[in-house]
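In: kindly return the folded structure for what I paste below:
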Amino acid sequence: MEDVKNVLWKVLNNEAPLVEDDIKMYHIKEGILTEDDLKKWREAIRLIREAYYDAYKNENVAVEKVRKSLEIINSISPKKPMPPEMKIRFEDLKKNLELVVKINK
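Out: Down below sits the predicted model:
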């Protein structure tokens, strides 16, 4: 079974950079996402980074930050449908954040 630190490490080092690139590209080129969506994304990533470091001290605090970041990510609403590859990466990232919340229950 995965633990909180491992899942957060996977999110921060594998999934988040790819989603970040997608968000920047589709925000700028295609206009799918707004400036507000970009700000929400940055806030969510900040919380996930904090959660990773907090996981070494107090997993409950880390999970609460992940829960908040998940709420923020869920509030991102594209103006047009996301391209399939972006949607897959975005959904995978959300699934792993949901996994962190479930692990700690």
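In: could you pull out the helices in the chain for me?
Out: Using DSSP state H, the helices found in the chain span residues 4-10, 16-25, 35-54, 59-74, 84-103.
In: turn these into TSV, including mean neighbour count and mean pLDDT.
Out: All C-beta atoms are positioned from the backbone trio N, CA, C, and that covers glycine. Putting the helices of the chain into TSV (neighbours: other CB atoms under 10 Å; pLDDT from 0 to 100) gives the following:
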stretch	mean neighbour count	mean pLDDT
helix 4-10	18	93
helix 16-25	17	90
helix 35-54	18	94
helix 59-74	19	95
helix 84-103	16	93
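In: just the CA trace of stretch 65-76, in PDB.
Out: Provided in PDB are the C-alpha atoms of stretch 65-76 (Å, rounded to 0.1, in the frame of the first residue of the first chain):
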ATOM      1  CA  LYS A  65      -3.600  20.600   2.800                       C
ATOM      2  CA  VAL A  66      -4.100  18.000   0.100                       C
ATOM      3  CA  ARG A  67      -7.800  18.100   0.600                       C
ATOM      4  CA  LYS A  68      -7.700  21.900   0.200                       C
ATOM      5  CA  SER A  69      -5.600  21.700  -3.000                       C
ATOM      6  CA  LEU A  70      -8.000  19.100  -4.400                       C
ATOM      7  CA  GLU A  71     -10.900  21.500  -3.800                       C
ATOM      8  CA  ILE A  72      -9.000  24.200  -5.600                       C
ATOM      9  CA  ILE A  73      -8.100  21.900  -8.500                       C
ATOM     10  CA  ASN A  74     -11.700  20.800  -8.800                       C
ATOM     11  CA  SER A  75     -12.800  24.400  -9.000                       C
ATOM     12  CA  ILE A  76     -10.700  24.900 -12.200                       C
END
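In: which residues touch it?
Out: Applying CB atoms under 8 Å, 6 or more residues apart in numbering, the contact partners of stretch 65-76 are 4, 8, 33, 37, 40-41, 43-45, 47-48, 50-51, 54, 93-94, 97-98, 100-101.
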